[in-house]
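Q: please find the sequence and the predicted model below.
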Amino acid sequence: MPLMKFAPLFLLLSIAACTSEPPPPAAPPPTKVGVITLQAEPVALTTELVGRTTPYLMSEVRPQVAGIVKARLFEEGSLVKAGDVLYQIEPAPFQATVNEAQAALANAQATVAAARLKSERFADLVKIDAVARQDADDAQATYRQSVANVAQQKAALESAQIQLRFTKITAPISGRIGRSAVTAGALVGVNQTDALATIRALDPVYVDMNQSSASLLRLKRMLGSGQVDPGATEVSLRLEDGTIYGHTGQLKFSEVAVDQETGSVTLRATFPNPDEVLLPGMYVQAIVNEAVEPRGILAPQQGIMRDAKGNALALVVDADNKVAQRAVDTSRAIGNTWLIAKGLAAGDRLIVEGVEKTRAGAVVEPLDVSKTFAGAKPSAAGGEQPAVPATDGPSASSAAAPSAASAAKPAAASSATPNASSPAEKQ
């Protein structure tokens with residue numbers, strides 16, 4: 001009976017226990033994301049141009065007299081100095097001409113002595129009317145003709161000696177000489193079309209580049225508006241095998257006219273070439289410093305995404321640790337970073353790690369990973385802290401700036417836009 005009294009109470013407690021809701025779960029902790037704080041820094045705007053090397057000096061060795069080549073006096077491919085004898089043409093016919101001219105001069109000099117004495121004698125006799133004045137005048141004219149004949153024979157002798165000297169074909173400039181087109185025993189002439197050999201001075205060496213007139217106009221517009229500062233005249237080279245040439249050159253010349261067929265302007269730079277690494281006709285890529293953007297913003301490519309339309313987006317963390325989405329414009333690439341034209345500013349905390357784990361409006365826990373991305377930008381080999389170079393290149397493969405060659409110089413970023421499927425971009 002006592003148990004029956006408490007049965008309704010147990011029933012009510014059981015029903016209450018079954019109908020009560022469980023307590024809500026605890027809120028998840030904020031997602032951890034890696035961020036870097038963007039900073040403004042000088043960015044050197046450079047352009048990467050295709051170029052060809054040309055010799056500083058070039059001379060084709062040609063004969064100035066006709067004859068048979070008696071000997072070749074140089075080693076093909078060797079260095080020669082101006083004045084070195086390269087070929088010897090058979091000198092016997094020219095020596096005979098010199099001997100003949102010397103004899104003619106001696107004869108003329110002997111004649112002039114007799115004519116002078118006769119002219120002086122007749123001049124005295126005409127004063128006492130011992131000879132006719134006409135005879136005295138004729139004697140004086142004969143003397144003057146003899147003097148002129150001596151001068152003529154001297155000139156003939158000098159010409160013959162010059163021709164004899166031309167039988168020794170000498171190097172007009174110092175440099176490295178190429179292969180010989182003739183051998184001993186060959187007949188050469190003054191008006192032949194083929195050169196006997198070619199000498200090229202290779203230190204220093206020229207690099208001729210072509211820049212589109214549109215790029216030149218864009219640069220002048222930026223300089224005129226004050227958006228960028230003028231750059232240095234130093235030029236770096238990337239060789240055919242992809243390595244950076246160990247010496248920097250100087251921009252010396254810009255063509256004053258635009259090529260009507262290509263729409264480009266020719267630029268010329270000179271490079272030291274002590275080891276003769278650069279050979280004439282070599283294909284190179286020249287990295288030319290054009291201007292400096294004094295407050296450039298560089299963002300790691302891991303922090304830049306692409307939407308379905310290919311527009312660049314970035315996620316930043318605000319002061320309340322909330323994620324905000326920004327539409328950005330990227331102009332150039334530098335190694336693993338983008339040069340930002342619009343959308344990000346100095347001081348923004350850009351998410352570079354954990355982008356796929358968060359979304360706009362979410363609260364996150366930002367972790368500073370600046371040290372991890374410190375090596376994303378190319379750095380100089382020296383102790384100075386350089387600006388970041390920006391390269392306006394023809395392709396994505398040319399986006400990276402030189403490292404060794406641009407030591408202690410502003411780093412370069414490329415205006416070439418990598419493919420949307422690049423690992424650095426996220427759909």
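A: All right, it came through fine.
Q: identify each buried residue in the longest strand seen in the chain, please.
A: When the chain is parsed with DSSP state E, its longest strand is strand 40-61. Judged by neighbour count using 16 or more other CB atoms under 10 Å, the buried positions of strand 40-61 are 41-49, 51, 53-56, 59, 61. Heads up, the C-betas are built off the backbone N, CA and C, glycines and all.
Q: now do stretch 325-340
A: Residues of stretch 325-340 classed as buried by neighbour count (16+ other CB under 10 Å): 326, 328, 330-340.
Q: how close does the residue lying closest to residue 196 once chain neighbours are set aside get to residue 202?
A: In this structure, residue 196 finds its nearest non-sequential neighbour in residue 61, 4.7 Å apart by CB to CB, 6 or more residues apart in numbering. Taking CB to CB, to the nearest Å as the measure, residue 61 falls 16 Å from residue 202.
Q: same question for residue 65.
A: In terms of CB to CB, residue 65 sits 30 Å off from residue 202.
Q: which one's more surrounded, those two?
A: Neighbour totals were compared for residue 65 and residue 202, and residue 202 leads with 21 against 18 (other CB atoms under 10 Å).
Q: now the host helix or strand of residue 155: how far from the chain's centre is it?
A: Using DSSP states H and E, residue 155 sits in helix 133-165. Chain-centre distance of helix 133-165: 60 Å, with CA atoms, centre = their mean, to the nearest Å.
Q: just checking, what packs against that helix?
A: On a contact count with 3 or more CB pairs under 8 Å, 6 or more residues apart in numbering; DSSP states H and E, helix 133-165 meets helix 92-125.
Q: bridged to residue 292, which residues?
A: Judged by DSSP bridges, the bridge partners of residue 292 are residue 44, residue 229.
Q: how about residue 40, what does it touch?
A: Residues near residue 40 by CB atoms under 8 Å, 6 or more residues apart in numbering: 295-297, 346.
Q: can you tell me which of those are buried?
A: Among those, those classed as buried by neighbour count (16+ other CB under 10 Å) are 296-297.
Q: can I get the contacts of residue 40 in CSV including distance to residue 157?
A: As requested, the contacts of residue 40 are exported to CSV (distance: CB to CB, whole Å):
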residue, distance to residue 157
295, 77
296, 74
297, 80
346, 83
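Q: mind checking the SS state of the spatially most central residue of the chain?
A: Closest to where the C-alpha atoms of the chain average out (CA atoms, centre = their mean) is residue 286, at 3.7 Å. For residue 286, the secondary structure call by DSSP: H, G, I helix; E, B strand; the rest coil comes out as strand.
Q: could you list the domains of this protein?
A: Annotated domains of the chain cover 34-53+203-398, 70-89+168-194, 92-165 [automatic domain parsing].
Q: return the most buried member of these.
A: A comparison of the domains of the chain by mean neighbour count, using mean count of other CB atoms under 10 Å, puts domain 34-53+203-398 on top with a mean of 17.
Q: average pLDDT across that domain?
A: In this model, domain 34-53+203-398 has an average pLDDT of 76.
Q: hang on, the earlier thing: nearest to residue 28, of the domains of the chain?
A: domain 34-53+203-398 (10.3 Å; CB to CB).
Q: what sits against residue 123?
A: Contacts for residue 123 (CB under 8 Å, 6+ apart) come out as 136, 139-140.
Q: let me see the ranges of the strands in the stretch 301-427 of the chain.
A: Counting by DSSP state E, counting those that start in this stretch, the stretch 301-427 of the chain has these strands, from start to end: 304-306, 312-317, 323-327, 329-334, 337-342, 349-353, 364-368, 388-392.
Q: actually the stretch 151-300 of the chain, sorry about that
A: Assigned by DSSP E, counting those that start in this stretch, the strands in the stretch 151-300 of the chain fall at 168-170, 175-177, 187-188, 197-212, 229-230, 234-238, 249-254, 264-271, 283-300.
Q: circling back: farthest pair within the contacts of residue 40?
A: Farthest apart among the contacts of residue 40 by CB to CB are 296 and 346. That separation is 9.9 Å.
Q: got a list of what the nearest residue to residue 212 once chain neighbours are set aside touches?
A: Computed as CB to CB, 6+ apart, the closest residue to residue 212 that is not its neighbour in sequence is residue 264, at 5.3 Å. Going by CB under 8 Å, 6+ apart, residue 264 touches 210-213, 258.
Q: repeat for residue 54
A: Counted by CB under 8 Å, 6+ apart, residue 54 has contacts 205-208, 280-281.
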